[in-house]
Every structure is written in C-alpha cells, then in structure tokens.
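Participant: The amino acid sequence is not available; the structure is as follows:
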C-alpha cells in the first residue's frame, strides 16, 4: 500500500535566500493588487464598494498633502503617546511593587483578575459619558487598556531574576531599593520591553477605536468614521485604513528594533514571535 | 476554629482564601460606601449594578435557565457571533498555519501581506466591513474573524515550522503518508502554540464583538444595550453591561484554560509555554 514518496517531497529543498524571500513577498503583494484591480475594472465587484488597489494607494499618497488629515493623524499619535507613557510608567512601578511584596501581590491579584477580562472597548461609552469626547477620554482608555501587559510582564520578569545575584548584593549591604534598581529592573527589562510592545499595539486599537465611535473631533479614526458616512467615501475609508496599518507597522518595527538593539544578549530574542 | 491538627489546616486554608478575597471584599465595600456617600450619577453603587443585572438578564423563569427575554435577545446573539467568528478563525488559522509553517515558499509569498494586515488596528476595519457587508451579523462576524485569526495563524505557522527534525525524519523512515504526518506529528507538536494563540484570539474576539455592536445601526447585542443605555444616560445599565462583559471574559478564559490543560496533559512537564 505504501508507495515511495514522490521525489519532490522526499528530498529537502534548499532554504530560500534573502532575495528569494523578497521577490516572493513582492510577487504576493503584486498578485493581490492585480486581483483587486481586475475585480474592480471587470465590474465583478462594485467599485463603490471595493475600489481597486491603485485608487486606494493613490488616495493614500494624496492624503500626505492634506494638512487637515495630517493634523488628525498627529492628534491620534499624541493621544497614543501620552496614554502609553502613563501606562508604562504606572505599569512598571506597580509591577515592581507587586513583584517585590508578595503579600500585596496575592491581595491585589483577586482585584486584578476581575478587572483584566473586561474588554477595554466596553469602557468607551462609560468614559465618554463621564469625560466627554477628546484627548482626555482617549488617553484614559488607553492607559486602562495598555497598563495590563506592562504590569503582567514586569511581574513575570521579576520572577525570572537570578536569586543569587540579589542575595549577593544584599550580603554586601545594598538596600532593597538599590538591589531592585541594580539587579531586578535590568534583568526584567527584556520582559518589560515585550510588554510595552504589546501595550503599544493595544493603545493604537483604543486610540483609533475611540475616535471611530465618537465620530467627531480630530483624529485618524474620526477621518475614517466620517468618510464612511459620505456617499463615495469608501476610497477614503480604505486610504485611512492603509495609514492606520502603516502606523501600526512603524510602531511595531521601531519597538522590535529597539528590543533587538538593547537586549540582543537575552534568550527571549532568539525565539520570539507573537 | 476548632482545636487539633485538622482544624489548623482548615484555619490555614481559610486564611489563604481570606487573604485572597479579603482585598477584593474590602474594595467592593469601599466602593459601595464611597458611591453612596458621593451620590454621583456617574458612579452607581455596586449593589445597584448587581440588582440591575439581575432584573435585566437573570430574573427569567426557571424553565429558561432564569434568563430573561432581554438576555436571549441580546446576550445570546452576541455570544453566538463571537463563537462563530472564533470557530472560523480557529479552523482557517490552523489549516492555513500548518501549510505556511511547512512550506517556506508559500509562506514567503504571503508574509508581507499578512504582516501588514495584522498590524492594522482591528477597529479600523469595522467601517471597511460596514461598507462591504452593510450593517448586521455578517459584518460583525467578519470583523471578529479578521482580528482573531492572526494570533492563531501566526502561532500555528511558527509551531509547525519548528517541529522536531528528528521526528520528521523518523516519519520519513517509517514512510508515513502526508496525511499521517500532519495528523500524528505536526498537528500535535503545534498544539501548545495553537492554544497560546487561541488565548489572545479569545480576548480579541470579545473586544471586536463589543466594538462591532457599539456602532450606530446595530439591532441587538450586549454592545447595543451598552450604547443604547449610553444614549439614554442610563448609567446603572452601562455599568451592568460592563460587569457582565467582564464576567463573560473571565468565564470564557477559564473554560479555555481548562480545555487547554486537558488537551495538553501529555505535554505537561516537558515545558511551559507562554504567549
């Protein structure tokens, strides 16, 4: 019953070269763009519903010259940065406190376990009722959602600290605080960095999401929400989405690069992808 | 509080539970006292929130599991949409992920497109789906799938790529068929990674379930109740919906962890995996 494997499967094919990967990736994107072009031009898909890639990309490029759009993107980025900065500061501090005081940790755990599963977008209506719409609402929601990954990764990283290093410094008479500063924090730093990367993505979700729901004011999400309500706005919706993706890509790439630079000595860098 | 060794362990166990839940109880009590003293319309007391939850959703007849008509017409459709979206993401993500993980060439073709698609903040896509599918269940499920599929897909790809070489070579020596290789070696070896992805996907699908229902024009769902209450400035209901979503998130995550523990029992001890 069992036949020989066909030769193409039995032998290991040589791994792709860097150029091979690039060429194939570009080809994949080109096929996708061509498919959308054919569907649109042949009238298989209504162009009002799904404009071809060329129209969307042209509009995306055109938006770069649109001062109002750019100031909208800027206000999204500003809310994102403010919220993320507060979340990182708060999350790391809280994580250090909880990670080094076990009694407090068990006590607060129960509270945290009840708060964390609340999907953060569910808070948008509540916070908008209390704070109105605008930067404060956006930043508040971002802080809430982005603190969790930073907090949990800080605590997780502190569990990974070499106890010998800590005990050694303690034996030499260093205070608890300076042991935290000199040993625990640096050794937990790669984990915290991963937490910040997750938090950055979540912060962007909340920033754009809040703007889409509020529908007026300034921001990338507001641009998309308003475009959706105009009659021929689909190209604008998709062009805005392209920029949201670019924003996500740039943020993620910058943080991954930063992690590689800073923590190339750490094991987490050898197998990390999620 | 009886004397003797048995009593002591009970006391110690009790102290552990007390220590664990005391802080939560204190916080809830302080919340109750604080909100009653403040009389702020924005912050109803927790007792009012729970009684609103009971009246809205859980005061139905025993024959319908105590669910009210409101619960079956809003909470159930929400959960069904989420389950459908997550199920499709799981099947498609694992299927596609296994292919991509085992074929470096296919992976190279789609990698840039996928990398871009997954960094788009999912709420941005909801307006796109509204245009394509119009408002309604189709749009909502599409939004859930498009955000929940990435963690499963990328983790499965990653897991399938790093299957032990020795195992694959052994399979070749024993001349296992391609289907057998996938079912008996690659898929089981990828399971821990799939679950790690599924945990992320679960919380993403809950987020998108709510978000897709928050937009004007939705007909039902927990998110619909939430915006509806917001437009009427009915804060106890807003809070009740948030608490309900928190409980759902907690329970769904607990179920997933229990399933994971069962399915991965054979894997335990070899190595803990984390998302």
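Facilitator: Received it, and whenever you're ready, just let me know what you need. Just so you know, these numbers come straight off a predicted model, no measurement behind them.

Participant: centroid residue for the chain?
Facilitator: By default, I'm working from chain A. Centroid-nearest residue in chain A: residue A:201, 1.4 Å away (criterion: C-alpha atoms, centre = their mean).

Participant: wrong one, chain B
Facilitator: Nearest to the mean C-alpha position of chain B, by C-alpha atoms, centre = their mean, lies residue B:202 at 2.7 Å.

Participant: From what I see, that residue and residue B:256 are in contact.
Facilitator: Yes. Contact criterion C-beta atoms under 8 Å: residue B:202 and residue B:256 qualify, at 5.8 Å. No exception for glycine: its C-beta is placed from N, CA and C like everyone else's.

Participant: quick revisit: am I right that the residue nearest to the centre of chain A is in contact with residue A:252?
Facilitator: Yes. Using C-beta under 8 Å, residue A:201 is in contact with residue A:252, at 6.8 Å.

Participant: Overlap of the contact sets of those two?
Facilitator: residue B:119 (C-beta atoms under 8 Å, 6 or more residues apart in numbering or on different chains).

Participant: hey, where'd the helices end up in the stretch 1-150 of chain A?
Facilitator: Listed in chain order, the helices of the stretch 1-150 of chain A (DSSP state H, counting those that start in this stretch) span residues A:7-10, A:18-41, A:53-63, A:67-100, A:102-115, A:123-131, A:135-159.

Participant: nope, the stretch 101-250 of chain B is what I meant
Facilitator: Using DSSP H, counting those that start in this stretch, helices in the stretch 101-250 of chain B cover B:104-119, B:122-133, B:137-161, B:165-173, B:178-180, B:187-214, B:222-231, B:235-263.

Participant: Turn those into a markdown table, including mean pLDDT and distance to chain A.
Facilitator: Output for these, formatted as a markdown table (pLDDT from 0 to 100; distance: least, C-beta to the nearest C-beta, whole Å):
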| stretch | mean pLDDT | distance to chain A |
| --- | --- | --- |
| helix B:104-119 | 86 | 3 |
| helix B:122-133 | 84 | 4 |
| helix B:137-161 | 90 | 5 |
| helix B:165-173 | 80 | 7 |
| helix B:178-180 | 79 | 7 |
| helix B:187-214 | 90 | 5 |
| helix B:222-231 | 88 | 4 |
| helix B:235-263 | 91 | 3 |
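
Participant: how about those, which one is nearest residue A:134?
Facilitator: Residue A:134 lies closest, by C-beta to C-beta, to one member of those: helix B:222-231, at 16.4 Å.

Participant: Between helix B:235-263 and the closest one, find me the angle.
Facilitator: If you take axes from the mean of the first three to the mean of the last three C-alpha atoms, to 10 degrees, helix B:222-231 sits at 160 degrees to helix B:235-263.

Participant: Which other helices and strands does helix B:222-231 contact?
Facilitator: Judged by 3 or more C-beta pairs under 8 Å, 6 or more residues apart in numbering or on different chains; DSSP states H and E, helix B:222-231 is in contact with helix A:123-131, helix B:187-214, helix B:235-263.

Participant: from the chain's centre, how far out does it sit?
Facilitator: Computed by C-alpha atoms, centre = their mean, to the nearest Å, the chain-centroid distance of helix B:222-231 equals 21 Å.

Participant: For chain B, what is the nearest residue in the stretch 51-200 of chain A?
Facilitator: Relative to chain B, the nearest point of the stretch 51-200 of chain A is residue A:117 (3.0 Å; C-beta to the nearest C-beta).

Participant: quick revisit: in the strand or helix carrying the residue nearest to the centre of chain A, what counts as buried?
Facilitator: Residue A:201 belongs to helix A:185-214 when assigned by DSSP states H and E. Residues of helix A:185-214 classed as buried: A:185, A:187-214 (neighbour count, 16 or more other C-beta atoms under 10 Å in any protein chain shown).

Participant: roughly how far apart are the residue nearest to the centre of chain A and chain B?
Facilitator: 7 Å (C-beta to the nearest C-beta, to the nearest Å).

Participant: ok, that residue to residue A:249 distance?
Facilitator: Note on residue A:201: its distance to residue A:249, by C-beta to C-beta, to the nearest Å, is 11 Å.

Participant: ditto for residue B:23
Facilitator: Distance from residue B:23 to residue A:249, by C-beta to C-beta: 41 Å.

Participant: before we move on, what about residue A:146?
Facilitator: 19 Å.

Participant: neighbour-wise, which of those two wins?
Facilitator: Per other C-beta atoms under 10 Å in any protein chain shown, whichever of residue A:146 and residue A:249 has more neighbours is residue A:146, with 32 against 15.

Participant: Could you pull up the residues touching residue A:64?
Facilitator: residue A:70.

Participant: Likewise for the one 10 residues further on?
Facilitator: The neighbourhood of residue A:74, defined by C-beta under 8 Å, 6+ apart, contains no residues.

Participant: Could I get the pLDDT score of it?
Facilitator: Listed pLDDT for residue A:74 reads 93.

Participant: One more: residue B:270?
Facilitator: Reading off the model, residue B:270 has pLDDT 52.

Participant: what about chain A, any weak spots by pLDDT?
Facilitator: Across chain A, residues meeting the criterion (pLDDT under 70) sit at A:1-14, A:43-49, A:266-274.

Participant: do that again at 50, thanks
Facilitator: A:1-11, A:271-274 (pLDDT under 50).

Participant: ok, the residue nearest to residue B:41 when sequence neighbours are not counted - how many residues close by?
Facilitator: In space, and not counting its chain neighbours, residue B:41 is closest to residue B:235: 6.2 Å by C-beta to C-beta, 6 or more residues apart in numbering or on different chains. Neighbourhood size, residue B:235 [other C-beta under 10 Å]: 22.

Participant: In contact with residue B:235, which residues?
Facilitator: Counting by C-beta under 8 Å, 6+ apart, residue B:235 touches A:126, A:129, B:41-44, B:229.

Participant: can you check residue B:104 too?
Facilitator: Going by C-beta under 8 Å, 6+ apart, residue B:104 touches A:15-16.

Participant: what about residue B:85, helix or strand, and which?
Facilitator: Residue B:85 belongs to helix B:76-102, assigned by DSSP H and E.

Participant: angle of that helix against helix B:165-173?
Facilitator: Using the same axes, to 10 degrees: helix B:76-102 against helix B:165-173 is 80 degrees.

Participant: Spell out which residues of the stretch 1-150 of chain B are next to chain A.
Facilitator: Contact residues (C-beta under 8 Å from any C-beta of the partner chain) of the stretch 1-150 of chain B with chain A: B:19-24, B:27, B:42, B:104-105, B:108-113, B:115-117, B:119-128, B:130-132.

Participant: Quick one, which of those are buried?
Facilitator: By neighbour count, with 16+ other C-beta under 10 Å, those hold B:23-24, B:27, B:104, B:108-112, B:115, B:119-128, B:130-132 as buried.
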